[in-house]
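In: Kindly generate the corresponding structure for this input.
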Amino acid sequence: MNVAIVGGGLMGREIAAAIQRWPALIDHPVRPRLTAVCDINPAALEWFRDIDTVTGLVTDYRGLLADDSIDVVYVAVRHDLHEQLYVDVINSGKSLLAEKPFGIDGSAADAILAASAEHPESFVRCSSEMPFYPGAQWAIDYVKSGALGTIIEARCGFLHSSDIDPAKPINWKRQVEYCGEAGVMNDLGMHTWHVPLRLGWAPTSVSAVLQNIVPERPGPDGTSVPCDTWDNAVLQCWSREGDHVFPLTTETKRIAPGEKNTWFFEAIGVEGGVRFSTKSPKEVEVFSRISVPGIGTEQAWQRLDAGSQSVWPTVTGGIFETGFSDAILQMWAAFLAEREGVLGDRFGCVTPDEAALTHRIFDAALRSQATGASVTP
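Out: Just a heads-up that it's a prediction; the model follows:
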C-alpha cells in the first residue's frame, strides 16, 4: 500500500519514521510504503531524500491526488488549511488519516464530514496517538470490563509546557486566524476527548475555564504582536453512562509548569478505579477494595507494569517499555487494519463523527466562557 504525506514538518517526519519501523509489527495485513511527500517549502522535503522508497518530492499536493499509485494520504498542515485539503483528498477517493482538529471549526468539520459521506470509498480517520500507549489501552479495557461499578468521576488531559516562556516568538498555533477560535482545544483537545468519546461519555453539559495567559509575543521583527488564542482550557462536564450521570473533567494546557508532553486518564467508580499517565509510561494504577483476613475490607491502590504490547502485537518483548514513536506506529497499525476491515474490536482511530463532535464541545466551551454558564453542546 502506497502512502503520501502532505506536510513535511515534525509530524510528517514522525509518520515517515513509523512507516520505516513497520517490520516491528507481527502479522499485520498491510505493508505500507512511503512513496511521496509534499510541502510548500522545498527545504522541508530534503529530510525525506534518505528514504529510498520515496520517489516523489513535490510542492503541490494536487499532483499526488492525481497519482493512481497512491492509496493513502496523511495530512499535517495548519488548521485553516484542513477543510480544502481534506475535502480534496476525500473527493479523489484516496483514504485519509487527518491531523486534528479535523477543520478549524465546526463548519469546516461538517464540510469534511459531508465529503466523507459522499465518498464512502475513501476511508477517513483523525489522528490521536496518545491513547495507543499500552498503559492507556489497559486502563480503557479495565473501564470497559465493568470493574469500576458505578462511575463516580473521570478525568482526561494533555499537558504541555511548550509556551511557558513568554519571550517565545509567535507562531501560527498562537493566532486565531490560523489555529481557530478554540485555540489550545483545537491544537490538543482531540487527545483529551478520544477516550471519553470512545467510551460513550459524550458530555451533556460543558462549563469552561479558558485562559489566555500570554496575550502578546514577539513577532518576526521582535515587536510584540497579539497572541490571541486560549493557552489553557479546563472543561467541567456532566457525562452519562446508561442512566447514571457523573462529572468528567478534561484539561488541555500549553502552559503547564513541570510538564513537557503528558497525557493522562483516570476513572473512579464505587467498586474500583484506574489511572495512567505517560509521565510513567510503564505503570498503571488500579484501585480496588480488598478483603483482608482478620481485618475486613480495605481500600488499596496497586501498581502494575503495562509492558510494551498495545493494539497490534509487535516483536518487542512484552516486558519492555514503550514510548511516543511506538504509540504512533500503533495508531497507524490500527488505521490501516480498520481500513482493511480486520481491526475487530481493537481500539481504533478517531472517527469523523467523533472529530466533528469535538468541535461542538469546543463551541460549547467558548459559549460557556463568554456567558459564565454551563452550556449544552
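
In: Just the buried residues of stretch 8-25, please?
Out: For stretch 8-25, the neighbour count (16 or more other Cβ atoms under 10 Å) marks 8, 11, 12, 13, 15, 16, 18, 19, 20, 22, 24, 25 as buried. Every residue, glycine included, has its C-beta placed from N, CA and C.

In: what would those look like in TSV with secondary structure and pLDDT?
Out: Shown next, in TSV, are the buried residues of stretch 8-25 (DSSP: H, G, I helix; E, B strand; the rest coil; pLDDT from 0 to 100):
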residue	secondary structure	pLDDT
8	coil	95
11	helix	94
12	helix	95
13	helix	96
15	helix	95
16	helix	96
18	helix	95
19	helix	96
20	helix	95
22	helix	96
24	helix	95
25	strand	96
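
In: In a markdown table, list these along with distance to residue 229.
Out: Output for the buried residues of stretch 8-25, formatted as a markdown table (distance: Cβ to Cβ, whole Å):
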| residue | distance to residue 229 |
| --- | --- |
| 8 | 24 |
| 11 | 19 |
| 12 | 23 |
| 13 | 25 |
| 15 | 25 |
| 16 | 28 |
| 18 | 29 |
| 19 | 32 |
| 20 | 34 |
| 22 | 36 |
| 24 | 37 |
| 25 | 37 |
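
In: Spatially, which two of those residues are the most separated?
Out: 8 and 25 (24.4 Å; Cβ to Cβ).

In: Could you check stretch 50-62 and say which residues are buried?
Out: So for stretch 50-62, counting by 16+ other Cβ under 10 Å, buried means 51, 54, 56, 57, 58, 61.

In: Send me it as CSV with only the CA atoms.
Out: The C-alpha coordinates for stretch 50-62 follow below in CSV (Å, rounded to 0.1, in the frame of the first residue of the first chain):
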residue,chain,number,x,y,z
ASP,A,50,17.2,9.5,2.5
ILE,A,51,14.1,7.3,2.4
ASP,A,52,14.7,5.1,-0.6
THR,A,53,11.1,4.3,-1.2
VAL,A,54,10.2,8.0,-1.7
THR,A,55,10.2,8.7,-5.4
GLY,A,56,8.2,12.0,-5.4
LEU,A,57,9.0,15.2,-3.6
VAL,A,58,6.6,17.9,-4.6
THR,A,59,5.3,21.3,-3.6
ASP,A,60,1.8,21.0,-5.0
TYR,A,61,-0.4,18.3,-3.3
ARG,A,62,-2.8,18.1,-6.3
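
In: which residue ranges form the strands in the stretch 151-300 of the chain?
Out: Taking DSSP state E, counting those that start in this stretch as the criterion, the stretch 151-300 of the chain carries its strands at 151-160, 203-211, 216-218, 224-226, 232-241, 244-253, 261-269, 272-277, 283-292, 296-305.

In: Minimum distance to residue 116: which of these has it?
Out: strand 203-211 (23.6 Å).

In: ok, residue 21 to residue 302 distance?
Out: 33 Å (Cβ to Cβ, to the nearest Å).

In: Now do whatever helix or strand residue 14 lives in: which elements does it pack against?
Out: Under the criterion of DSSP states H and E, residue 14 resides in helix 10-20. Applying 3 or more Cβ pairs under 8 Å, 6 or more residues apart in numbering; DSSP states H and E, we find helix 10-20 packed against strand 2-6, strand 33-38, helix 324-339.

In: and the angle from that helix to helix 324-339?
Out: 70 degrees (axes from the mean of the first three to the mean of the last three Cα atoms, to 10 degrees).

In: how close does residue 49 get to residue 173?
Out: If you go by Cβ to Cβ, the gap between residue 49 and residue 173 works out to 28 Å.

In: Who has more neighbours out of those two?
Out: Comparing residue 49 with residue 173 by neighbour count (other Cβ atoms under 10 Å), the higher total belongs to residue 173, at 20 against 10.

In: could you measure the closest residue to the more buried one other than its chain neighbours against residue 82, distance?
Out: For residue 173, ignoring the flanking residues on the chain, the nearest one in space by Cβ to Cβ, 6 or more residues apart in numbering is residue 179 at 5.0 Å. Going from residue 179 to residue 82 by Cβ to Cβ gives 11 Å.

In: what do those two both touch?
Out: residue 104 (Cβ atoms under 8 Å, 6 or more residues apart in numbering).

In: Just say helix, strand or coil for residue 345.
Out: Secondary structure state of residue 345, per DSSP: H, G, I helix; E, B strand; the rest coil, is coil.

In: got the end-to-end distance for stretch 329-347?
Out: 14 Å (Cα to Cα, to the nearest Å).

In: Next, the contact list for the closest residue to residue 153 other than its chain neighbours, please.
Out: Leaving aside its sequence neighbours, residue 153 sits nearest to residue 247 (Cβ to Cβ, 6+ apart; 5.0 Å). Listed by Cβ under 8 Å, 6+ apart, the contact partners of residue 247 are 153, 154, 236, 237, 238, 239.
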